[in-house]
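> okay, sequence plus prediction incoming.
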Amino acid sequence: MTGNETTPQKALVEFREIGKTYPNGTVALRNVSFQVIEGDILAVCGENGAGKSTLMKILAGIEQPTQGTIHYEGRQKRIADPNVAGDMGIGMVHQHFSLIRSLSVAENLALGQESRRGLLIDRRAAADRVRELAQKFSLDVDPNTKVGSLSVAAQQKVEILKALSRNTRLLILDEPSAVLTPQETQELFVQLRSLRARGVTIIFISHKLHEVRALANRITVIRSGEVVEDGVLSEMSDAAISKLVMGVDVTRASRNQRDLSAAAPVVVVKKATVATGDADRRIDAIDLTIRAGEILGIAGVDGSGQEGVVDLLCGNVQPDEGDIALLGRPMALATTLDWRHAGMAHLPGDRFQIGGAPQMSLVDNVMAGSHRDRQFTRGPFLRVGAMVARTNELIKTFNVRCLGPREPLNSLSGGNAQKLVAAREFSSNPKFLIVNQPTRGIDVAAAAMIHGELLRLSQNGTAILLVTSDLDELLQLSDRVAVMFDARIAVVLENEGLTPERLGPYMLGLEKAS
Amino acid sequence: MIRAAFASTAITAGFCLFVLLVVLVPVALLYPEPGEVLSRFLLGPFEKTRYMGNIVELATPSMLTALAVVLMFRCGAFNLGVEGSFFLGGLTTAAMVLWMPLPPLVGIPLALLAGAIVGSLVCGIPGILKATTGASELVSSLMLNYAAVFIGLFVLNYYLRDPTAAMLSSDRFPAEYRFESLIPRTRIHIGSIVAVVACIIGAIYLNRTSQGLEVRISGTGNDFSRHLGLNSVALNIRIQVIGGMIAAFAGGIEMLGLYSRFTWQNTTGNGWTGVIVAIIARDNPILIIPAALFIGYLQVGGDLVSRAFGVPTEIVSLIQALVMICVTSVAIFQHPALRKFVQGNRGEAAQ
C-alpha cells in the first residue's frame, strides 16, 4: 500500500446509502455507503445472509436497490441489467457457475455477444477470441472443450474469462475459493494478483480470513445488511475482523483429547477395491478402521479416491473385492437403506443436489428419511403437525435462519441450507457418520456450529469419517488422518502435532508409509 | 407461500383469458357478426343446462387421465402411455360387461377393475423397461400406445364385433350396466363425482402420505433419493402402474357412462387432453379440476361456434396449444416484475 501515498486514491465505485428490501419484507441491505478504490483488491466479509451477495448483485445489475445510488467513476449510474454492467466494465463470477455445461468454452464466452458471419455464428472468431483473452490474462484454457468435461477449477477459469471478456475494469468474485482445493486456490490468487497488476480492480467475497489476508488490501465488513467496518486490512487483527463479522467472539471448537485405543471398532474395511465407475471414484485395496468416538479425517488432493471411500461406506457402490463390516455386521452387499438402518448417516458434499431437494419445503427436507417413523405417521398418513413441530425444533437448535418451515430449501443461503441438512443427518443419533466437505462455502459461525456438533457426536461414541479439503478443519477435528493418493491410502497418522507440511508429501505421492 | 401459489394460479388464469381473446377476436372478425361469434363462444356454454353438462362430461375423463399424468410426472417419469391405457381400459371393461353377465353391483366394479389392470400395462411396461434396460419411458410409452390400439382393434374385430351392426362396433351393453344420468337434461354420471374425489385423494396422497413424500423426492432427481436410500426404481414402476390403472379406469368409466357399444377405432385423445390439463394445472392434483373444466369449456364453446357459424373447431386446438406454451414458459412465470405486479395488486386489494 505504499503506492497509495504517492498516487491519490480514486474511487471507481461509490455506494451511497444503498438499501434493499425484498417484496416479502426481508431487509437485505440498509444504508450501505462505501467506496471501492481503483486498483485495489477489496475483500467483502460477512456471515451468510449478511447481504454481501445482494450488494454485489446490485453492482452487477442483477438486482435493483430500493434506495440509494451507485456512482461509477464519479457519475451516478443506474445499472438496469447485467448488460449495462458489462458495458460499464463490471464483470461478476458467481459462486454457482452460470456456464452451460453442454457448450464449449468458446461458445459459452460468445453467448450473447456472438460474432456472426451472415446468419451463422463465426466459431473460429469465437475460438480466436478465447485464445486471445486467455493469453492476455494468462488463464490457460482450450476454447473447444465442452465446459461439462472440465474440472471445477478450470470451469472457474472460464467463468473468470467470461467476466473479463468485455473490457472489464471491475471484477467481482463471489466466494471463488469455495469450490477449489488449496492448490487451486493458490493458483487462482496468483492469477488475481496479475489481473490487479493489469489495472483490474477486484472485489472478492470470502469467509476465509487467511485468504482475505493473502489477497486483499482493503476490507469491508457487512453485518445484517449494514457496513460495520471499512478500512485498510493491514491495520486490523484477525480477532478484530472475526468479531466484526460475527458481532461476538467466536470460540473455535477444539478436539477432545482422549485415549481411543481401547474403543470398539465400528467400521472395518479390509482390502476393498472398486474398479468400476469414473476414475475419481476408483479405490484400490483400502484398509480402514474407525473406532467408536473417533473422528478419522481423510486428506488428499481432490480426486484421489476420497469420493470413492464415501460412496463405498454409504452404500452407493458395493466393492468388487474385499470386506466391510459395520459393528460386526457384513456390509459388502449392503444398499444405502441397509447402511442407514444399521446406523449410518451422511452429510454429503453437495447440499442442494444430493443432501436435499431445493424446490421442496424445509419440512419435507428435514423429515425425508424419517418419514416412515412411527412418531410421524398414522398408518399411511403423515402427521404433518408433528413434522412441522420437529422441523421447528431442529431449526431452533441448529440456528437455521429462515422465514418458516414451509419455505423452500433453495431460498436459504448456503450455510443455512447446510445447517438444515446437518440437522437432519445428525439428529438421527448415528453410530457411524460420514461428513463430506462439511463447511465448504459457509460462514465461520455456521462452520463453528457444525464442528461443535461433530465433536459432541464423537464424544457420545459416534464413529465419524471426515472428508475435507480444508486442512485446518481436518487437523482441528481429526483423531487420526488417513492420506489418500491415487485411489490408495498412502498413510494413516495419529494427529499428534501434525501439520499441513507433514501431510503434503503424502498427498502428492512423494512419500508412502513404510 | 400461499400468496405465491395464488399468484401463479392467477397468472395462469390471466394467460388463459388473454390467449382466448388473442385467438378469438381476429377469428371472429372474419365473420359477418363478430360480436355474435364471441359471445356464442364465451357465454354460449353457460346458456343451457345441456351445454354445461357437456363441459362436465368432457372434463370427467381428462381429470382422471390428468391425475395419472400428474402422479407420474411428479415421480419423475415422463410417461405418455395414458392414451393407450385409456383405450385398453375402455375395451376391457366393454368386453367384461359383454362376456360376464354378473349382477351389475358386482359386475361393474369387476369390469372396471379388469379394465384398470389390463390398461395399466401400457404405462407399466415402459416403467419396467426403463428400470431394467434404461430405455426412455417417453419413447416406449408413445410407441406402446399404437400397439394398444392395434391389439384393441384385433379383439374388437374378431371377438366383440356385432355382425348385425352397420359399423365396426361391439354388441350393445346390457342396459343395467350403463351409468344413469345424475342431472336431468345432461349426461353427467357418477364418473364425474369419482373423478373429483380421485383428484382430492391424489392431492392427499402426494402431500399427506409417507409414500407421497417419497414420490415427490424421487421426482426431484435421483441423487437425493439415493442419498436417503429410497428405492426409487421400484417406486417409479409402482407409480407408473398406478398411473396406467387410473387412466384405464377412466376409459372404463367413459365407456359405461357415455356409450352403449364399444365403437372406438382409434385412441380417443382423452389421454392427450389429460397431459394438457396436467400441464395447465402445473402438476397440482387439486388444480386439475378447474383446468379440466376450462378445457371442457373451450371444447363446448368451439363446438357451438362451429355449428352456428361454421368456425373451424381447430381454433380450440390453437387456443389449447397457446395456453400450454404460455403455462410452460417458466421464464414468464419466474419474471419477478410480473410476479410482483400480481402479488402487489392482491396485497393492495386486501387492504
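Cool, the structure landed.

> helix or strand for B:T60, which one?
helix B:49-74 (DSSP states H and E).

> now the helix or strand just after that helix: average pLDDT?
Past helix B:49-74, further along toward the C-terminus, the next helix or strand under DSSP H and E is helix B:82-99. Mean pLDDT, computed over helix B:82-99, is 93.

> list the buried residues of helix B:82-99.
B:82-98 (16 or more other CB atoms under 10 Å in any protein chain shown). C-beta coordinates here come from the backbone N, C-alpha and C atoms, glycine included.

> and the angle for that helix with helix B:49-74?
The directions of helix B:82-99 and helix B:49-74 differ by 120 degrees, with axes from the mean of the first three to the mean of the last three CA atoms, to 10 degrees as the criterion.

> next one: the following helix or strand past helix B:82-99, is it in contact with chain A?
Next along the chain after helix B:82-99, taking DSSP H and E as the criterion, comes helix B:104-133. No - legend: contact between helix B:104-133 and chain A by CB under 8 Å from any CB of the partner chain is lacking; minimum distance shown is 15.2 Å.

> and the contacts of the following helix or strand past helix B:104-133?
Per DSSP H and E, the first helix or strand lying C-terminal to helix B:104-133 is helix B:137-155. Helix B:137-155 has contacts (CB atoms under 8 Å, 6 or more residues apart in numbering or on different chains) with B:77-81, B:83-85, B:87-88, B:91, B:95, B:122-123, B:125-127, B:129-130, B:240, B:264-267, B:271.

> please name the nearest non-neighbouring residue to A:S206.
Nearest-residue entry for A:S206: A:V212, 5.4 Å, with adjacent residues in sequence omitted and distances by CB to CB, 6 or more residues apart in numbering or on different chains.

> what's the neighbour count on that neighbour?
20 (other CB atoms under 10 Å in any protein chain shown).

> which parts of chain B sit against chain A?
So far as CB under 8 Å from any CB goes, chain B lies against chain A at B:1, B:208-214, B:216-217, B:220-221, B:223-224, B:226-231, B:340, B:343-344.

> just the buried ones from these?
Going by neighbour count (16+ other CB under 10 Å), the residues of chain B next to chain A have B:209-214, B:216-217, B:220, B:223-224, B:226-231, B:343 buried.

> which single residue in the stretch 151-300 of chain B comes nearest to chain A?
B:G229 (3.5 Å; CB to the nearest CB).

> just checking, that residue touches A:A342?
No - judged on CB atoms under 8 Å, B:G229 makes no contact with A:A342 at a distance of 10.8 Å.

> quick one: A:L139 from A:V190, how far?
11 Å (CB to CB, to the nearest Å).

> err, B:A114, not the other one
73 Å.

> with B:V23 instead?
60 Å.

> for chain B, what's its nearest residue on the stretch 401-514 of chain A.
Counting by CB to the nearest CB, the stretch 401-514 of chain A gets nearest chain B through A:R406, at 5.1 Å.

> state the helix or strand in which that residue lies.
Per DSSP H and E, there is no helix or strand for A:R406.

> contacting residues around B:R208?
Shown in contact with B:R208 (CB under 8 Å, 6+ apart): A:381-382, A:384.

> do A:D81 as well
A:61-62.

> find me the pLDDT at it, would you?
87.

> tell me the contacts of residue 130?
Going with chain A. A:V130 touches A:105-106, A:109, A:141, A:143, A:161, counting by CB under 8 Å, 6+ apart.

> my bad, the chain I had in mind was chain B
B:77, B:136-137, B:140, B:236.

> just the buried ones from those, in ChimeraX syntax?
Entered in ChimeraX, the line below selects the buried ones among the contacts of B:K130, by 16+ other CB under 10 Å:
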select /B:77,137,140,236
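
> out of the contacts of B:K130, which is nearest to chain A?
Nearest to chain A among the contacts of B:K130, with distances taken as CB to the nearest CB, is B:N236, at 15.8 Å.

> hang on, the earlier thing: and the residue nearest to A:S206, what element?
Judged by DSSP H and E, A:V212 forms part of helix A:209-215.

> what do you get for B:V196?
helix B:190-208.

> how about that helix as CSV, C-alpha atoms only?
The C-alpha coordinates for helix B:190-208 follow below in CSV (Å, rounded to 0.1, in the frame of the first residue of the first chain):
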residue,chain,number,x,y,z
ILE,B,190,-71.3,-41.0,-11.3
GLY,B,191,-67.9,-40.9,-13.0
SER,B,192,-67.7,-37.1,-12.6
ILE,B,193,-68.0,-37.5,-8.8
VAL,B,194,-65.5,-40.3,-8.9
ALA,B,195,-63.1,-38.1,-10.9
VAL,B,196,-63.3,-35.1,-8.5
VAL,B,197,-62.9,-37.4,-5.4
ALA,B,198,-59.9,-39.1,-7.2
CYS,B,199,-58.2,-35.7,-7.6
ILE,B,200,-58.7,-34.9,-4.0
ILE,B,201,-57.4,-38.3,-2.9
GLY,B,202,-54.4,-37.7,-5.3
ALA,B,203,-53.6,-34.5,-3.5
ILE,B,204,-53.8,-36.1,-0.1
TYR,B,205,-51.7,-39.0,-1.4
LEU,B,206,-48.9,-36.7,-2.7
ASN,B,207,-48.9,-34.2,0.2
ARG,B,208,-50.0,-36.1,3.2
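
> dump the residue contacts of the nearest residue to A:P330 once chain neighbours are set aside.
In this structure, A:P330 finds its nearest non-sequential neighbour in A:D323, 6.8 Å apart by CB to CB, 6+ apart. Contacts here follow CB under 8 Å, 6+ apart; on that basis A:D323 touches A:268-272, A:330, A:332.

> one more time with 7 Å, if that's ok
Going by CB atoms under 7 Å, 6 or more residues apart in numbering or on different chains, A:D323 touches A:270, A:330, A:332.

> then A:L42?
A:36, A:203-204, A:216, A:218, A:220.

> helix, strand, or coil at the most centrally placed residue in chain A?
By CA atoms, centre = their mean, chain A has its centre lying nearest to A:G441, at 2.7 Å. Following DSSP: H, G, I helix; E, B strand; the rest coil, we place A:G441 in the coil state.
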